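> Mind folding the following:
(chains A and B)
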Amino acid sequence: MDVISTIKKGVAKAMEMQYQTQIDSDTVMVNNTKKEFDGDYTVVVFPFTKAAKKGPEQIGQELGQFLKDNVAEVSDFNVIKGFLNLELAESYWLQFLEQLNDLKDYGRGTSNGKKVMVEFSSPNTNKPLHLGHIRNILLGWSCYKILDAAGYEVLTTQIVNDRGLHICKSMVAYQSYGEGETPESSGIKGDHLVGKYYIKFSSIEKEQIAALKAEGKDKEEAAILKEAREMLLKWEANDPEVKALWKLMNGWVLGGFETTYKKLGVSFDKNYFESETYLLGKEFVMKGLDKGVFYKKEDNSVAVDLEDVKLDHKTLLRGDGTSLYVTQDMGTANQRFEDYGVDKMVYVVGDEQIYHFKVLFEILKRLEQPYANDLYHLAYGMVDLPSGKMKSREGTVVDADELIAEVINEAKKNAEEKGGLEDFDQDQKNEVYRKIGLAALKYFILKVNPQKRMLFDPKESVDLQGDTGPYIQNAFVRISSVVKKAGTFNASSAKEYKTMEPSEKELAFLLSEYPGIIQTAAQNYDPSAVASYCFELAKTFHRFYHDVQIMRADSEAAKAFRILLAGNVAKVLGSGMDLLGIQMPERM
RNA sequence: GGCUGCGUAGCUCAACUGGAUAGAGUACCUGACUACGAAUCAGGCGGUUACAGGUUCGACUCCUGUCGCGGUCACCA
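Just a heads-up that it's a prediction; the model follows:
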């Protein structure tokens, strides 16, 4: 049992013994004591004033005394304005740190036997990935890592949007202007090559629309757009020529995506392709009709009435029997359940689709699907640039591959200026630059609460100082360096260390919080909680490092204790950053 | 317009889900390397938490209203 629950139970017991009042120990408020006060944990006593019929100050004193006398871990207390600050015994912290030395997977929750699928990225196969995808991908990956650490069995997936009019657009342009160009012949990465023709399509369409407007005609009349529409019809009719071109170009794009995913260090356990799943879900419509959950309109289309939950009416099947976005999502959700038997699904999708997912989840609930009560839409805010909103049509998108190359290059520039890696060969150096650059980028994005819209300043994203990924890496590297230099030492003498410095106790306290951080991050699907924790731990370590001597400590006991403590900090930093998909270098 | 989300230091973000004097980073100013890594540390400057009410021992957090900025309201995905 952790200390916090011990304290809560202690308080409940004290209330019973001293005031004859029954309270649920879960309702007791226990916070971390603020820095400016003495103590480790703080019990808020205001809520007890009514039951105890005494003032907060007096209750605090009486509760504190009881806890001090009856709870072994509590060594002292003080009461300030109705806040009972508890100090834990030195021996408690020393013991905690000692058992930490042998724990390998510290922080990981025990398996809860539940299987969850996390969907993220889910790109269109007509253009390369951009900054928006990067936020999505990093969030999805980190969520997977966090849920995994919290005790779930996790599967990652993406649904590749590889069919539809927008896909035909780049195909049409390529057919007319491609001249047989391939990624190999042009040296252009597959997704970028296809993207090039998507842009080509847009510019031609624009010209044609301008011409049509001059003649006073509708923009839907643009010849190239008509071509794309025809191609879509052929695609759906399984025209062999169109299918072959589609296969070829899709292959290029997917190959390009794979390269980018690899650079980011993410992978998927399962890919779903919309070209294969877009017909799924129709059976659901029949099921819903049978159950009376859906209704049929006069024109033969099928809809659902969600007005009672303020979601309006939603059409699920067109009059001609073809399906829609929601219908497809119903089908794929069920497919996942049939493929893997998942208990829970998380969708990492932008917040502009909040309404869509509310509708989807509501429908699945009404159809009484077994997984329907454990669906979560991790809605994240858009990424803004200092210049404003990203718009692919206006060419203000930040390309994923370019961005990755840029952050790594920036890390390289800084590292070369700083020096210190002269004994590394070029490959080793590049590996370090890669880790630093990616840490800067990933941390910059993940430290922001997902729900919030965020501003991406390219300049700040490559910063290496302050609240950044490299700052945390630096703490880790410092520890590696010290531990290495320390060589062999008598680890068992650490047990003789009795009086901790304030910064040592702070570190112990932070380390003890790690398992709880993982659990709340998992509950809230919030990597930023892990990010700020890592920063706090790194910062406290840097201060500790500055304040106390490790290798030249006063005693052998102090030296051993500090080396072990530093090692545990490194262990947790490495583990925490791994939850963000960030790797630690040994040197930097 | 209906529904919905957001508004915290010059800038980028926190605040343990209602708890103490609202904290970090950055920018700007100052100090600390011939001893374990200065990508570091210490100090200073910076706030009527958009505004106005309300709920209570206590509100950035909950309720009401106002202003400002997004998103969304398809038989598109």
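> Please pull out the lowest mean pLDDT helix or strand from chain A.
strand A:388-389 (a mean of 73; mean pLDDT, DSSP states H and E).
> which other residues reach that strand?
A:382, A:396 (Cβ atoms under 8 Å, 6 or more residues apart in numbering). Using the backbone N, CA and C atoms, a C-beta is placed for each residue, glycine as well.
> For A:Ser481, which non-adjacent residue is spatially closest?
The shortest distance from A:Ser481 to any residue other than its chain neighbours is 7.7 Å, reached at A:Arg587 (Cβ to Cβ, 6 or more residues apart in numbering).
> Next up, the contacts around the one you found.
A:Arg587 is in contact with A:420-421, A:424, A:432, A:477, A:480-481, counting by Cβ under 8 Å, 6+ apart.
> Can you select the buried ones from those residues in PyMOL?
Buried residues among those (16 or more other Cβ atoms under 10 Å), as a PyMOL selection:
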select buried, chain A and resi 421+432+477+480
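> which ones among the contacts of A:Arg587 are found in strands?
Among the contacts of A:Arg587, DSSP state E puts none in strands.
> Among the contacts of A:Arg587, which are located in helices?
Counting by DSSP state H, the contacts of A:Arg587 place A:432, A:477, A:480-481 in helices.
> can you tell me which of the residues you listed are up against RNA strand B?
Among the ones in helices among the contacts of A:Arg587, proximity to RNA strand B is found for A:477, A:480-481 (Cβ under 7 Å from any atom of the strand).
> can you put the contacts of A:Arg587 in a markdown table and add pLDDT and distance to A:Ile408?
Below are the contacts of A:Arg587 laid out as a markdown table (pLDDT from 0 to 100; distance: Cβ to Cβ, whole Å):
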| residue | pLDDT | distance to A:Ile408 |
| --- | --- | --- |
| A:Gly420 | 86 | 18 |
| A:Leu421 | 91 | 15 |
| A:Phe424 | 93 | 16 |
| A:Val432 | 96 | 10 |
| A:Val477 | 96 | 18 |
| A:Ser480 | 94 | 22 |
| A:Ser481 | 93 | 23 |
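> The residue in chain A that RNA strand B sits nearest to - how many residues pack around it?
Here the residue of chain A nearest RNA strand B is A:Gly466; by Cβ to the nearest atom of the strand that distance is 2.1 Å. For A:Gly466, the count of nearby residues is 10 (other Cβ atoms under 10 Å).
> my guess is A:Leu421 contacts A:Ala415, does it?
Yes: the criterion here is Cβ atoms under 8 Å, and A:Leu421 meets it with A:Ala415 at 6.6 Å.
> what is in contact with these two at once?
A:429, A:432, A:588.
> Setting aside sequence neighbours, what's the nearest residue to the first one?
Counting by Cβ to Cβ, 6+ apart, the nearest residue to A:Lys429 once its immediate chain neighbours are dropped is A:Leu421, at 5.4 Å.
> who touches that neighbour in this structure?
Counted by Cβ under 8 Å, 6+ apart, A:Leu421 has contacts A:415, A:428-429, A:432, A:587-588.
> which strands and helices sit next to the next helix or strand after the least confident helix or strand of chain A?
Using DSSP states H and E, the helix or strand that directly follows strand A:388-389 along the chain is helix A:400-418. Helix A:400-418 is packed against helix A:131-150, helix A:240-264, helix A:426-446, helix A:458-461, with contacts defined by 3 or more Cβ pairs under 8 Å, 6 or more residues apart in numbering; DSSP states H and E.
> most tightly surrounded among those helices?
Sort the helices and strands packed on helix A:400-418 by mean neighbour count, taking mean count of other Cβ atoms under 10 Å, and helix A:131-150 sits at the top with a mean of 24.
> As CSV, could you dump the C-alpha coordinates of the following helix or strand past that one?
Next helix or strand after helix A:131-150 toward the C-terminus (DSSP H and E): strand A:153-160. In CSV, the C-alpha atoms belonging to strand A:153-160 read as follows (Å, rounded to 0.1, in the frame of the first residue of the first chain):
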residue,chain,number,x,y,z
GLU,A,153,-2.3,-4.7,-23.6
VAL,A,154,-2.1,-2.2,-26.4
LEU,A,155,-2.3,-2.5,-30.2
THR,A,156,-1.5,0.4,-32.5
THR,A,157,-3.4,0.9,-35.8
GLN,A,158,-4.0,3.4,-38.5
ILE,A,159,-6.7,3.5,-41.1
VAL,A,160,-5.3,4.6,-44.4
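> Sheet partners, orientation included, of strand A:153-160?
strand A:115-119 (parallel), strand A:270-273 (parallel) (DSSP bridges).
> Determine the angle, from 0 to 180 degrees, between the helix or strand following it and helix A:240-264.
Using DSSP H and E, the helix or strand that follows strand A:153-160 towards the C-terminus is helix A:165-177. With axes from the mean of the first three to the mean of the last three Cα atoms, to 10 degrees applied, the angle from helix A:165-177 to helix A:240-264 works out at 110 degrees.
> Let me see the contact set for A:Ser461.
By Cβ under 8 Å, 6+ apart, the contact set of A:Ser461 is A:407, A:440-441, A:444-445.
> Return the distance of it relative to A:Lys34.
32 Å (Cβ to Cβ, to the nearest Å).
> list the buried ones in stretch A:466-477?
So, applying 16+ other Cβ under 10 Å, buried residues of stretch A:466-477: A:467-477.
> again, but for stretch A:192-206
Neighbour counts over stretch A:192-206 (16+ other Cβ under 10 Å) mark A:192-202, A:204-205 as buried.
> Among those, which ones are in helices?
Mapping the buried residues of stretch A:192-206 onto helices (DSSP H) picks out A:192-202, A:204-205.
> and the nearest residue in space to A:Gly132 that is not next to it in sequence, bridged to which residues?
Spatial nearest neighbour of A:Gly132, chain neighbours left out: A:Val383 (5.5 Å); criterion: Cβ to Cβ, 6+ apart. Judged by DSSP bridges, the bridge partners of A:Val383 are A:Met454.
> pretty sure A:Val383 contacts A:Phe456?
Yes: assessed by Cβ under 8 Å, A:Val383 is found in contact with A:Phe456 at 5.0 Å.
> shared neighbours, the two?
Residues touching both A:Val383 and A:Phe456 (Cβ under 8 Å, 6+ apart) are A:131, A:445.
> residues in the stretch 301-450 of chain A within reach of RNA strand B, list them.
A:301, A:310, A:312, A:315, A:318-320, A:324-325, A:328, A:351-356, A:382, A:389, A:411, A:414-415, A:418, A:420, A:436, A:447-449.
> can we see that at 6 Å?
By the rule Cβ under 6 Å from any atom of the strand, the part of the stretch 301-450 of chain A lying against RNA strand B is A:301, A:310, A:315, A:318-319, A:324-325, A:351-353, A:355-356, A:411, A:414-415, A:418, A:420, A:436, A:447-449.
> Kindly provide the distance from the spatially most central residue of chain A to A:Ser461.
Geometric centre of chain A, nearest residue: A:Leu139, 2.9 Å, by Cα atoms, centre = their mean. Using Cβ to Cβ, A:Leu139 is found at 16 Å from A:Ser461.
> do A:Glu362 as well
Applying Cβ to Cβ, the value for A:Glu362 to A:Ser461 is 38 Å.
> returning to that earlier point: of all the strands paired with strand A:153-160, which one comes closest to A:Ala553?
Ranking the strands paired with strand A:153-160 by proximity to A:Ala553 (Cβ to Cβ) places strand A:115-119 first, at 45.4 Å.
> ok, the closest one near RNA strand B or not?
No: Strand A:115-119 is not in contact with RNA strand B by Cβ under 6 Å from any atom of the strand; minimum separation 13.9 Å.
> Quick one: residues contacting the residue in chain A sticking out farthest from the centre.
Here chain A reaches farthest from its C-alpha mean at A:Glu215, the gap being 51.2 Å by Cα atoms, centre = their mean. By Cβ under 8 Å, 6+ apart, the contact list for A:Glu215 is empty.
> Residue ranges in the stretch 451-588 of chain A under the pLDDT threshold?
For the stretch 451-588 of chain A, applying pLDDT under 70 flags no range at all.
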